Each structure stands twice: as C-alpha cells, then as structure tokens.
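[1] when you get a sec, could you give me coordinates for this:
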Amino acid sequence: MVALSPVALFGKKAAPPPPAKTEKKSSGGFGKKAAPAPAKAPPAKFGGFGKKAAPAKKAAPKKVAPKKTIKKAAPIKKGGSSAQAGSDLSKWYGSGRKLYLPGGLLSLDNDVPSYLNGTLAGDYGFDPLGLGADGNVDNYREAELIHARWAMLALPGIVIPEALNIPGSYWLDTGKVFLDGEAGRPEILQNPVLFAAIQVVLMGAAENFRQTGEGPAGFVPFKGKFDESAFKGLDSLNPGGPLDFFNVASTPEDLALLKVKEIKNGRLAMVAMLGVFVQGLVTAEGPAANWGKHVADPFGYNFVTLTAVERTPVL
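    As a prediction, the model looks like this:
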C-alpha cells in the first residue's frame with residue numbers, strides 16, 4: 001500500500017512532468033525569448049531611427065528661427081534712431097539749447113533776451129542790437145528765412161555757371177552780356193524784359209499763395225494729384241504737404257530738426273554771398289576764378305596780397 005501509493009503518486013506526478021518538460025522547453029527554449037527579442041529589437045531600432053530622424057529634420061527650422069529674429073532686430077535700430085533724433089532736439093530747442101557762446105559764459109536769465117525763449121529753430125540767444133524787443137520776432141524770422149533760401153539758390157547759381165565757363169557766367173557782367181546779345185542764345189532766351197516779366201508773375205503768385213495759405217490744384221512727383229484743400233491749415237513758411245515730395249518731414253520731430261538744418265545752412269549761404277559780393281568788388285572776378293588762383297598760389301594770391309598797399313621806403 002505504501003509502495004503503491006508512492007508509485008501511484010509518482011505516476012500522477014509523472015504525468016504532469018511532460019507538460020513541465022514543455023515548460024522547460026519553453027523556458028529553456030530560447031524561442032520565446034529570442035522570438036520576442038528580435039521582434040522587439042527591430043521595432044525599437046526602426047522606431048528609434050524614426051524618432052531621431054524626425055527631430056533631426058525639425059532641428060533645421062529651430063536653427064532658422066534665430067535668423068528670423070536677427071532680421072527683426074532692424075526695427076529696433078530704427079526705434080533707437082528716432083530716440084536719438086528726439087534727444088538731438090533738446091540741443092536746439094528749449095532752455096537747454098546751445099547758445100552763441102560756450103556753456104558757462106552766458107546765462108539764460110541775465111544774458112539772453114526773454115523773447116528768445118528757444119521756440120524758434122536756430123535760436124542761439126543772439127540779438128545784440130535788441131531788434132526783437134519790439135515784439136516782431138516772428139516777422140524777422142520770416143524775413144531771415146526767405147533771404148536764407150534766396151542765398152542758398154543764388155550761391156550755386158553764381159559758382160556753377162562760372163566753373164562751367166558759360167557766357168555771361170560772371171555775375172557782375174551777366175546783365176550786360178544779356179543786354180548786348182552776347183550770351184550765345186536765341187533772342188527770346190536772352191531778352192531781359194521777358195525774364196523779368198516771368199519772374200514777377202511766378203514769384204507774385206507764389207507769394208500770394210504763401211500769404212493767404214491757399215494754393216491751386218496740381219500734380220507733384222511721388223504723390224500725384226492734389227486739390228486746393230491740400231494747403232489749408234499748413235504753415236506759411238514750412239507748409240510741407242504736397243511740397244514735401246519725399247516725405248522727409250513725416251513726423252513733427254523730423255520737421256523740427258529740418259528747420260534747424262535749413263536756417264543754419266541758410267545763414268552760412270548768406271555769409272558766403274556777402275563774401276562773393278566783396279570779392280567781386282575787390283578783384284573784379286567771380287568766386288570760381290578767385291578760388292582757382294588761390295589754390296594755384298595760396299601765399300601769393302590771397303586777401304592780404306590783394307589789399308596790401310605798395311609803399312616806397314622813405315629815409
């Protein structure tokens with residue numbers, strides 16, 4: 001009984017071992033582990049390469065993005081330039097503006113007239129004769145600006161024709177050459193009466209429009225056609241609008257800075273025209289001829305040698 005029972009038990013247990021052997025085969029068989037291993041390995045490898053390839057392609061746009069931000073940095077520089085222009089205005093306007101003498105030598109309270117308060121372009125506080133004390137500072141500024149513009153037009157009109165050696169280019173002889181018909185042009189183009197009439201009509205119309213603040217309809221480059229209302233409400237001295245072809249005074253800050261540049265260049269042109277008049281009376285030659293001779297012989301042809309008086313020594 002006892003021997004049978006273990007045999008029977010062993011037989012019962014022996015029957016199950018075959019499946020256990022299969023388990024051993026399965027466990028010992030590398031098929032299950034090897035099968036999943038190769039099966040899992042390929043997808044892991046393929047998936048790994050797929051995931052790495054995708055970010056590698058996405059990495060290129062990430063490198064391009066900084067380039068776009070660098071291109072957008074240009075507007076930041078523009079903002080800086082406008083800020084710089086705004087800081088430049090404090091040099092020419094207001095209580096902190098530049099004066100006609102270096103800082104510390106003049107006092108706004110004691111040395112600068114109260115009517116020169118820094119609101120006008122190019123106000124350096126200079127009025128030694130006190131002309132503006134009568135309250136007509138704006139009228140004086142208008143006259144100064146008109147004369148400055150005429151001087152800026154006249155100076156190149158005198159120097160350039162003389163440098164090109166055009167007949168009648170010497171400004172003291174221009175009228176005589178035209179009246180004598182020696183300009184080498186058709187009769188109608190050297191008739192002084194005709195040119196005087198044209199000048200009176202054109203300048204009279206321009207001055208009338210400037211005084212009334214109105215203007216005719218017309219056409220200008222880069223802006224096209226405009227009507228009479230384009231000039232209403234504009235400044236009579238610096239109208240802008242249709243006359244600002246290139247939009248150089250598109251902002252109030254730009255206009256304020258351009259006013260300073262215009263009056264400074266205009267004052268320089270008026271001083272240069274005074275020099276042209278004096279040189280013409282002293283040397284009987286134009287500025288281009290004077291300049292050419294001075295450059296050829298700086299020490300022999302200058303103001304001192306031309307104005308020097310020859311004297312014989314007396315013992």
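[2] where in the chain is pLDDT low?
    The chain contains residues with pLDDT under 70 at 1-87, 311, 315.
[3] tell me where it has helices.
    4-14, 17-28, 30-34, 36-71, 73-92, 137-163, 174-179, 192-212, 252-283, 287-296, 303-307 (DSSP state H).
[4] for Pro186, give its distance to Glu228.
    Relative to Glu228, Pro186 is positioned 37 Å away (CB to CB, to the nearest Å). To be clear about C-beta, it is placed using only N, CA and C from the backbone, and glycine gets the same treatment.
[5] typo on my end, Asn191
    To Glu228, Asn191 is 34 Å away according to CB to CB.
[6] report the residue ranges of every domain in this structure.
    Residue ranges for the domains of the chain, per automatic domain parsing: 81-135, 140-307.
[7] now these as CSV including distance to Pro313 and mean neighbour count?
    Formatted as CSV, those follow (distance: least, CB to CB, whole Å; neighbours: other CB atoms under 10 Å):
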stretch, distance to Pro313, mean neighbour count
domain 81-135, 42, 13
domain 140-307, 19, 14
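[8] want to try a markdown table for these, with distance to Val314 as columns?
    Output for those, formatted as a markdown table (distance: least, CB to CB, whole Å):
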| stretch | distance to Val314 |
| --- | --- |
| domain 81-135 | 43 |
| domain 140-307 | 22 |
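[9] now Gly266, nearest residue through space, not along the chain?
    Spatially, and ignoring its direct neighbours in sequence, Gly266 is nearest to Ala148 (2.3 Å; CB to CB, 6 or more residues apart in numbering).
[10] contact partners for the one you found?
    Ala148 is in contact with 262-263, 265-267, 269-270, counting by CB atoms under 8 Å, 6 or more residues apart in numbering.
[11] out of those residues, which comes closest to Tyr115?
    Ile263 (17.1 Å; CB to CB).
[12] ok, Asn136 - contacts?
    Counting by CB under 8 Å, 6+ apart, Asn136 has no contacts.
[13] any idea how far Asp235 is from it?
    18 Å.
[14] now Leu258
    Counting by CB to CB - Leu258 and Asp235 are separated by 12 Å.
[15] which residue is the nearest non-sequential neighbour of Pro242?
    Nearest residue to Pro242, sequence neighbours excluded (CB to CB, 6+ apart): Phe226, at 4.6 Å.
[16] do I have it right that that neighbour meets Lys232?
    No - distance between Phe226 and Lys232: 11.4 Å, which falls outside the contact criterion (CB atoms under 8 Å).
[17] most centrally placed residue in this protein?
    Val248 (7.9 Å; CA atoms, centre = their mean).
[18] touching, that one and Leu258? I think so.
    Yes - using CB under 8 Å, Val248 is in contact with Leu258, at 6.6 Å.
[19] can you pull the contacts of Ser90?
    With CB under 8 Å, 6+ apart, Ser90 has these contacts: 96-97.
[20] got a list of contacts for stretch 223-237?
    Applying CB under 8 Å, 6+ apart, the external contacts of stretch 223-237 come out as 141-142, 145, 209-211, 213-220, 239-242, 245.
[21] just to revisit the earlier point, okay, the residue nearest to Pro242 and Pro239: tell me how far apart.
    12 Å.
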